[in-house]
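In: Could you work out the structure for the sequence below:
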Amino acid sequence: MCGIFTTKPASSRAKIECGLKSLEHRGPDGFSDFSNEHISMGMTRLAIVGSIPLDQPSSGCADEIISIFNGEIYNFSELREMLNNRGHNVNVDSSDASIIPHLFEEFGIDFVKKLRGMFAIVLWESKSQNCFLVRDSTGIKPLYFTIRDNQLIAASEIKAVFALTSKKFHISHLNLNSFVNNQMVYSPRTIWADIFSVPPGTHIMYEPNNSITVKRWNQSHYPRRCNKLTDTNKYESRLDTLLREAVKEQYSHGTTPAILLSGGLDSSLIAKYISELGHSVDSYHLHFENASSSKEDDRRHAEELANKLGFQHKEIGLTGETYFERLDECLDSFQQPFFGVTSMFFASKEISKLHKSCFTGDGADEFFGSYRRVRHFAKLHYSELAHNKQDLWSAHSTLEGLLNSKITKSDFVESTHEKLTSFSDEDFALKSVQDDFEGALMFDQIHLLPEQVLLYSDHLSMAHGLEIRPPFLSENIITFARSLPFELLINNDGDTKVILRKLAGRFFPEGFVYRRKEGFAIPLEYWLNQTCGKEWIWRNFTQLDKNAYHYLDRNKVREVIEEYLRGQYKDFFFVYRTIVLSRFLNRLEKR
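Out: So this is what the prediction gives:
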């Protein structure tokens with residue numbers, strides 16, 4: 001696990017140092033870099049696997065393939081053995097990064113199909129002078145890039161892209177409009193006009209003539225869904241096997257991880273499987289001051305389960321005052337505005353003091369059917385009223401009314417943007433959808449999950465040098481979940497996560513399995529109405545200047561904020577999003 005970057009052609013030593021500095025929070029255990037006349041690569045390391053201090057950038061047998069890598073390859077031991085049996089010489093003490101150039105020598109870019117794990121990879125082939133950018137199937141690990149003035153820059157964070165060039169970037173009006181309407185910008189776009197995100201499950205080839213080719217490599221992770229429910233017990237047993245294998249594989253990979261126990265179904269299942277490995281781990285629960293009764297139930301269950309399983313349990317307390325004191329720091333860990341759950345930032349700060357990795361239940365909601373919006377489309381499906389209205393699958397409220405009327409919704413489209421957009425528009429994943437229930441599920445899996453849930457999880461945890469491990473996003477579980485009959489996700493009665501609850505019934509009381517859980521979100525409405533919250537709103541509002549009001553309507557922003565502080569406007573989340581977006585736009589001059 002680390003932060004990575006590359007520039008092609010090569011960068012100056014000064015720029016390389018800036019790139020390393022910008023990513024040091026992702027890899028506090030060391031750094032290294034490589035440059036020749038064609039390319040520069042750098043990485044900052046969070047040491048989890050391997051005893052060789054710095055084995056990146058990595059090279060193949062003939063030093064013609066150079067790669068850098070961020071993530072974990074859980075099957076790297078068996079791949080290393082296979083490579084060595086074929087005549088390669090991969091050191092047994094090296095990290096999982098070391099196998100990548102050797103795999104490319106054997107299988108070409110299709111090597112990525114052999115990986116089990118989470119990863120962002122940059123690979124350079126000296127013979128062809130091609131540079132490959134590769135991202136894992138669901139987008140657990142981020143990878144951004146830009147092509148400007150005949151130079152490719154790619155990095156784990158947009159912050160590093162900024163650091164590696166003296167060129168200025170500007171906001172895309174089109175993508176800003178997408179953000180205020182959808183609360184995210186869909187990959188391959190970002191909020192920035194010339195900075196792109198490598199789409200999950202794809203690889204991009206950058207050629208010497210500055211052209212790119214985008215291809216999806218994870219088609220096998222999209223099986224045909226079974227339309228007929230047969231033996232429920234068969235599916236339940238299969239899921240039990242897959243989860244058990246995923247937890248064991250991820251637990252055994254490198255340093256001992258902790259687990260974040262939310263008190264809900266998903267993390268409790270993971271905890272149960274960890275305990276069956278015969279290990280005691282540190283468990284953590286983020287507790288909120290003045291929380292609701294359901295939050296207190298989560299707190300109680302997390303503690304009871306940890307004690308029952310013999311875990312060393314720790315509570316992380318968070319007050320409204322502390323939250324708003326550190327919220328600006330949290331928001332600044334991104335180089336895009338974001339409206340999502342910020343809890344991971346505060347939990348990771350404490351967990352990272354003792355651990356380098358942590359289990360979470362990320363992905364279970366999106367792949368097994370949990371959200372209220374998806375339940376709505378499931379109801380239509382069972383009533384045979386569903387259509388195929390792609391514009392309704394997200395169902396997000398909009399901030400568009402706050403935009404300055406002078407802001408256009410179009411941008412100049414250059415060749416890189418055009419090719420990426422064409423790929424996205426023609427991608428089979430959404431085009432194959434025939435039903436709104438399937439469409440809402442697919443929207444969550446290919447947009448909401450990578451562009452919000454996983455993006456936030458990565459940036460907020462890696463701000464403190466903590467790696468998140470999500471067993472529910474194992475490739476085998478993803479493929480399994482996408483093949484399940486709808487009835488095992490959300491049934492005709494509106495029950496969610498049907499197959500997961502049936503499995504959990506093997507281990508936990510019925511009252512817990514079917515209880516309502518509030519989620520990992522902070523008590524934002526309550527805290528915003530406290531003095532600390534109102535002061536945070538007012539402080540950020542009064543600091544807005546021409547940068548923010550170039551994009552936003554000054555009078556509309558003022559009206560929303562002042563009415564909320566007078567108690568006349570009740571949509572607390574609209575106000576919060578208004579401040580977050582305004583604050584981001586206000587700070588553009590610093591970028």
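In: contact partners of the strand or helix carrying Val134?
Out: Using DSSP states H and E, Val134 sits within strand 130-135. Here strand 130-135 makes contact (CB atoms under 8 Å, 6 or more residues apart in numbering) with 6, 8, 39, 109, 112, 119-125, 141-143, 145, 152, 154, 198-208, 217. Bear in mind the C-beta positions are built from the backbone N, C-alpha and C, glycine included.
In: With adjacent residues omitted, what lies nearest to Phe34?
Out: Sequence neighbours aside, Pro57 is the residue nearest to Phe34 in space, at 4.3 Å (criterion: CB to CB, 6 or more residues apart in numbering).
In: Was I right to think that neighbour contacts Ile68?
Out: Yes: between Pro57 and Ile68 there is a contact under CB atoms under 8 Å: 4.8 Å.
In: between the two, what contacts are shared?
Out: Counting by CB under 8 Å, 6+ apart, the residues touching both Pro57 and Ile68 are 41, 43.
In: Make a PyMOL selection of the buried ones in the contacts of strand 130-135.
Out: With 16 or more other CB atoms under 10 Å as the criterion, this PyMOL line picks the buried residues out of the contacts of strand 130-135:
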select buried, resi 6+8+39+109+112+119+120+121+122+123+124+125+141+142+143+145+152+154+198+199+200+201+202+203+204+205+206+217
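In: quick revisit: what about the residue nearest to Phe34, distance to Arg45?
Out: According to CB to CB, to the nearest Å, Pro57 stands 11 Å off from Arg45.
In: what sits in contact with each of those two?
Out: With CB under 8 Å, 6+ apart, Pro57 and Arg45 have common neighbours Ser32.
In: Just confirm Arg558 is within a strand.
Out: No: remark: Arg558 does not belong to a strand; assigned using DSSP: H, G, I helix; E, B strand; the rest coil, it is helix.
In: Spatially, and excluding backbone neighbours, which residue is closest to it.
Out: The nearest residue in space to Arg558 (CB to CB, 6+ apart) is Phe541, at 7.9 Å.
In: what's the pLDDT at the one you found?
Out: With respect to pLDDT, Phe541 has a value of 94.
In: Dump the helix or strand harbouring it to PDB, keeping only the CA atoms.
Out: Element membership for Phe541 (DSSP H and E) is helix 531-542. Backbone C-alpha positions of helix 531-542 (Å, rounded to 0.1, in the frame of the first residue of the first chain) are rendered in PDB as follows:
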ATOM      1  CA  THR A 531     -23.600  26.300  18.500                       C
ATOM      2  CA  CYS A 532     -20.400  24.600  17.100                       C
ATOM      3  CA  GLY A 533     -22.300  23.800  13.900                       C
ATOM      4  CA  LYS A 534     -23.800  27.200  13.400                       C
ATOM      5  CA  GLU A 535     -20.400  28.800  14.000                       C
ATOM      6  CA  TRP A 536     -18.800  26.500  11.400                       C
ATOM      7  CA  ILE A 537     -21.500  27.500   8.900                       C
ATOM      8  CA  TRP A 538     -21.200  31.200   9.600                       C
ATOM      9  CA  ARG A 539     -17.400  31.200   9.500                       C
ATOM     10  CA  ASN A 540     -17.200  29.600   6.200                       C
ATOM     11  CA  PHE A 541     -20.100  31.600   4.700                       C
ATOM     12  CA  THR A 542     -18.500  34.900   5.800                       C
END
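In: returning to what we had before: quick one: average pLDDT of the strand holding Val134?
Out: Mean predicted lDDT for strand 130-135 stands at 96.
In: quick one: the very next helix or strand once past it to chain centroid distance?
Out: Heading C-terminal from strand 130-135, the first helix or strand you meet, by DSSP H and E, is strand 144-148. Relative to its chain's centre, strand 144-148 lies at 20 Å (CA atoms, centre = their mean, to the nearest Å).
In: so what strands line up beside strand 144-148?
Out: Using DSSP bridges, strand 144-148 pairs in its sheet with strand 151-155 (antiparallel), strand 196-197 (antiparallel).
In: Nearest to Ser166, out of the ones you listed?
Out: Ser166 lies closest to strand 151-155 among the strands paired with strand 144-148, at 11.4 Å (CB to CB).
In: between that closest one and strand 130-135, how big is the angle?
Out: Angle, strand 151-155 to strand 130-135, by axes from the mean of the first three to the mean of the last three CA atoms, to 10 degrees: 30 degrees.
In: right, and the helix or strand after strand 151-155?
Out: Downstream of strand 151-155, the next assigned helix or strand under DSSP H and E is helix 158-163.
In: Not counting its own residues, what contacts that following helix?
Out: Contacts of helix 158-163 (CB under 8 Å, 6+ apart): 3, 5, 15, 18-19, 21-23, 144-146, 153-155, 169, 190, 192, 195, 335-336, 591.
In: how about a cut-off of 6 Å?
Out: Applying CB atoms under 6 Å, 6 or more residues apart in numbering, the external contacts of helix 158-163 come out as 5, 18-19, 22-23, 144, 146, 153, 155, 195, 335.
In: what about the residue nearest to Phe34, distance to Met43?
Out: 7 Å.
In: Common neighbours of these two, please.
Out: With CB under 6 Å, 6+ apart, Pro57 and Met43 have common neighbours Ile68.
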